[in-house]
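K.L.:
sequence-free structure coming up:
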C-alpha cells in the first residue's frame with residue numbers, strides 16, 4: 001500500500017512540475033491509470049488514496065495555473081479521469097475477487113467429486129493433482145500416493161533410459177521412497 005501511495009504522490013508531483021514547465025498534466029493521468037490497472041486493491045482504500053491525492057493535485061494546480069479557464073479545464077479533465085480510474089479499480093477488483101472464488105470452487109468440486117480424478121500434464125504425463133477418491137479407488141494411503149506422485153515425476157525420464165540404467169534407477173528411487 002505504501003508503494004501505491006508513493007507512486008501516486010510522485011506521479012502527482014512530477015505532473016505539477018510538468019505543468020509548471022510545459023503546461024501539461026499527462027503524467028498524472030498516466031500514473032493514475034497505471035496504478036489502477038496494475039495494483040487494484042480494496043476499492044475503499046483506493047478511493048481514499050485517489051481522493052486525497054487528487055485534492056492535493058487540485059490545490060497544487062490552482063497555485064501554478066494562472067488562467068482561470070485553463071485551470072477549470074484541467075481540473076475537470078483530471079477529475080473525470082480520476083473517477084474513470086476509480087471505476088476501473090472497482091471493476092478490476094471484482095473480476096479478481098470473482099476469479100478467486102471460481103478457482104476456489106473448482107478446487108472444492110475436484111475434491112468432493114465422487115469419482116477418482118487425476119490431473120495430468122499432457123506434454124509429459126506428469127501427474128499434477130489427484131483427489132481423495134483415487135486413494136479409495138486404488139486402496140492406497142496418502143503416504144503411498146505421495147510416493148507414486150514422486151515416481152510419476154520420474155517416469156518420463158526412466159522410460160527414455162537404456163534398460164540396464166533403468167533398472168538401477170528404479171531400484172534407487174524405490175529405496176529412497178521407503179524413507180519418505
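P.N.:
Thanks, I have the structure now. What you see is a predicted model; the values in this text were computed from it and never measured.

K.L.:
in the protein, what residue spans correspond to strands?
P.N.:
Taking DSSP state E as the criterion, the chain carries its strands at 118-120, 127-130.

K.L.:
what's the longest one packed up against?
P.N.:
In terms of contacts (3 or more Cβ pairs under 8 Å, 6 or more residues apart in numbering; DSSP states H and E), strand 127-130 is packed against strand 118-120, helix 142-159. Where C-beta positions appear, they are placed from N, C-alpha and C, glycine not excepted.

K.L.:
which of those has the lowest average pLDDT?
P.N.:
Lowest mean pLDDT of the helices and strands packed on strand 127-130: helix 142-159, a mean of 64.

K.L.:
quick one: mean pLDDT for the longest helix belonging to the chain?
P.N.:
Taking DSSP state H as the criterion, the chain has its longest helix at helix 68-112. Helix 68-112 shows a mean pLDDT of 84.

K.L.:
could you do stretch 27-37 as well?
P.N.:
For stretch 27-37, the mean confidence score works out to 85.

K.L.:
what's that stretch in contact with?
P.N.:
4, 7-8, 10-12, 14-16, 18, 46, 50, 57, 78, 81-82, 85-86, 88-89, 92 (Cβ atoms under 8 Å, 6 or more residues apart in numbering).
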